[in-house]
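Asks: After the sequence you'll find the predicted model.
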Amino acid sequence: MSYPTDRKYTKEHEWITADGKIGITHHAQDSLGDIVFVELPKVGADVSQGKALGTVESVKAVSDIYAPASGTVTEVNGELNTAPEKVNKDAHGAWMVKIAIKNPAELNGLLSAADYEKFVSEEAGH
Amino acid sequence: MGAKMVEFNGWDMPVEYPASIGAGIVKEHMAVRTGVGIFDVSHMGDIRLAGHDALAAVQHISMNDASRLAIGQAQYSALLYPQGTFVDDVIVHRLGHDDYLLVINAGTREKDFGWVHENTRQFDCKVEHLSDDFTQIAIQGPKGVNLLQKLTDADLGAVKFYWLTRGTICGLKNILMGRTGYTAEDGFEIYIPPDEATSARVWYAVLEAGKEFGVVPCGLGARNTLRLEGKLSLYGHEITDTINVWEAGLDRWCKMEKPDFIGRAALEKARGEGVKRTLVGLEMVERGIARDGYKVLDQGGREIGYVTSGSPAPFLKKNIALAYVPPEQAEIGNTVQVEIRGQAVKAKVVPTPFYKRPKNA
């Protein structure tokens, strides 16, 4: 799997684009297995970097989605309410929410695609 | 094997197999409901009781009536504490005249063996822990019988549900095959020699023979969703050392009229007093998935019980759960709520098992 270089990644397996779209990584969806439920905040909600913004559930597990950066939710991908399996099919296309990023400098502390890929392979190795 | 492994009571177990080999829990589950899936269930424990007093010993330590078993027959049963609560649930197989095999759970096998050993001392019968003597493979689903028949000389059509036979499989003679399982589906469990080379050879032979039936290797995840749809109890969830037989709703397999057994006196007393909680099936009405340990609330938001197992049900395509609630809340159709991440989400009591396999299909 090659990870798109147009975005940043977290060690909790989320990604964020410069314009504030947030999703979970291919590795995350693969670990979770069949995703059946996505719970997201409403438009207007404030999210804080490192805090849970929503939940994703697969058949076997419940997992929090952590905000890669702080901001206010401007859009929610409602399609995932009825078709959560899109996250399995295309994790890097299936964005969950879009936020107005409060402090773009927060993104500097996140991982690049190459660093994330390295992080995932090291995590798998132990 | 490229499966997602998880440590399960000290064993490395596959939770699900990736798309390249298996398909993920949903497809694994569906394969068992509609075709055939195979499980490596070698973690299950086995205890053999053999000798002159073997029947009396089995009768003393288990709640079902083992005297009803013909040679080659099996029954669901449970080992109980004197309080009428669960040591474990078991399948009792009668292998010969004075020869019984108890198949027990992985997580409880050391405890179970110690308990069986301790409580059968007074009987003239040998108790052996055979857990490491077998690799157990479960071949489950409506096509399971067709798959296994390709690999054995035994006439599987003549073996009824919960009966056993022996035969040659992959050149291995006298292999025990039981028409049993933990998926609420037809199928077989086979007990082969445990060495890695033999286990692997048989596993791949089963996969090869199953190709024409679309066989899928399945992990613990699908095993759990399959048993949940069929309302089959899991130790540590629906049955524990603090839950008794009446609460768990396993009355059918508890024969109070047979000779005395451990737990009987307490159950007699408990029956007179009635239960304070009972196991029910729930189906989520509002959006949300009940999970193990979540609180069950009444319509007014008062805590009345808890979820023992909960999951999306891949075949039924509903979110289902088993839960303990007071008997007055257990009526079919009753609305309750499940607390999910601080929100009260509506659910209703539904008949169980959630799934019942079609007869003679």
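Replies: It's in. All values reported here derive from a predicted model rather than from experimental measurement.

Asks: going forward, measure contacts between C-alpha atoms and count neighbours the same way
Replies: Fine.

Asks: Pretty sure B:N244 sits against B:P82.
Replies: No - B:N244 is not in contact with B:P82 according to CA atoms under 8 Å; the separation is 10.4 Å.

Asks: And these two? Which one has more around it.
Replies: Neighbour totals were compared for B:N244 and B:P82, and B:N244 leads with 23 against 15 (other CA atoms under 10 Å in any protein chain shown).

Asks: and the more buried one, what does it touch?
Replies: B:N244 makes contacts with B:Q83, B:G84, B:T85, B:F86, B:L267, as judged by CA atoms under 8 Å, 6 or more residues apart in numbering or on different chains.

Asks: Go again with 10 Å.
Replies: By CA atoms under 10 Å, 6 or more residues apart in numbering or on different chains, the contact list for B:N244 reads B:80-81, B:83-86, B:250, B:263, B:266-267, B:270, B:275, B:278.

Asks: likewise B:D155?
Replies: By CA under 10 Å, 6+ apart, the contact set of B:D155 is B:Q149, B:T165, B:R166, B:G167.

Asks: and the last one, what are its bridge partners?
Replies: Pointing back at B:G167 there. Taking DSSP bridges as the rule, B:G167 bridges to B:I175.

Asks: B:E28 and B:V87, how far apart?
Replies: B:E28 sits 30 Å away from B:V87, going by CA to CA, to the nearest Å.

Asks: Quick one: name the residues of chain A near chain B.
Replies: By CA under 10 Å from any CA of the partner chain, the part of chain A that sits against chain B consists of A:30-39, A:55, A:57-62, A:81.

Asks: taking those one by one, which sit in strands?
Replies: Of these, the ones assigned to strands by DSSP state E are A:I35, A:V36, A:F37, A:V38, A:E39, A:T55, A:E57, A:S58, A:V62.

Asks: so can I have a markdown table of those showing pLDDT?
Replies: What follows is these, written out as a markdown table (pLDDT from 0 to 100):
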| residue | pLDDT |
| --- | --- |
| A:I35 | 94 |
| A:V36 | 94 |
| A:F37 | 95 |
| A:V38 | 96 |
| A:E39 | 95 |
| A:T55 | 95 |
| A:E57 | 95 |
| A:S58 | 93 |
| A:V62 | 92 |
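
Asks: Among these, which one lies nearest to B:V202?
Replies: Comparing those against B:V202 with CA to CA picks out A:S58 as the nearest, at 31.9 Å.

Asks: show me the contacts for that closest one.
Replies: By CA under 10 Å, 6+ apart, A:S58 lies in contact with A:29, A:31-38, A:84-85, A:88, B:25, B:289, B:311-312.

Asks: which of those residues count as buried?
Replies: A:29, A:32-38, A:84-85, A:88, B:25, B:289, B:311-312 (16 or more other CA atoms under 10 Å in any protein chain shown).

Asks: If we only consider these, which is nearest to B:D65?
Replies: Using CA to CA, B:S311 comes nearest to B:D65 of those, at 33.3 Å.

Asks: Okay, and the beta partners of A:Y9?
Replies: Under the criterion used here (DSSP bridges), A:Y9 is bridged to A:W15, A:L111.

Asks: give me the low-pLDDT residue ranges for the chain?
Replies: Because you didn't say which chain, this covers chain A. Residue ranges of chain A with pLDDT under 70: A:125-126.

Asks: wait, I meant chain B there
Replies: In chain B, residues with pLDDT under 70: B:1-15, B:17-22, B:360-361.

Asks: how does it divide into domains?
Replies: For chain B, automatic domain parsing gives the domain ranges B:4-42+B:134-229, B:45-132, B:276-350.

Asks: is it possible to export those to JSON lines including distance to A:A114?
Replies: Shown next, in JSON lines, are the domains of chain B (distance: least, CA to CA, whole Å):
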{"stretch": "domain B:4-42+B:134-229", "distance to A:A114": "24"}
{"stretch": "domain B:45-132", "distance to A:A114": "41"}
{"stretch": "domain B:276-350", "distance to A:A114": "35"}
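
Asks: I'd like to know which of those lies nearest to A:V120.
Replies: A:V120 sits nearest to domain B:4-42+B:134-229 of all these, at 15.0 Å, using CA to CA.

Asks: Show the contacting residues for residue 113.
Replies: The chain I'm using is chain A. For A:A113, the contact set (CA under 10 Å, 6+ apart) comprises A:S2, A:Y3, A:P4, A:T5, A:D6, A:R7, A:K8, A:Y9, A:T10, A:W15, A:F119.

Asks: Correction: the question concerned chain B.
Replies: Per CA under 10 Å, 6+ apart, neighbours of B:F113: B:G45, B:D46, B:I47, B:R48, B:I104, B:N119, B:V127, B:E128, B:H129, B:L130, B:S131.

Asks: Likewise for A:A105?
Replies: A:A69.

Asks: number of nearby residues for the nearest residue to A:G54 once chain neighbours are set aside?
Replies: Nearest non-adjacent residue to A:G54, counting by CA to CA, 6 or more residues apart in numbering or on different chains: A:L40, 4.7 Å away. The tally of other residues near A:L40 (other CA under 10 Å) stands at 19.

Asks: now do B:P358
Replies: Applying other CA under 10 Å, we find 9 residues neighbouring B:P358.

Asks: gap between it and B:E28?
Replies: Computed as CA to CA, the B:P358 to B:E28 distance reads 19 Å.

Asks: what's the overlap in contacts for B:N244 and B:P82?
Replies: Shared contacts of B:N244 and B:P82, defined by CA under 10 Å, 6+ apart, are found at B:G263, B:A266, B:L267.

Asks: How about the secondary structure of the second one?
Replies: So that's B:A266. Secondary structure, DSSP: H, G, I helix; E, B strand; the rest coil: B:A266 is helix.
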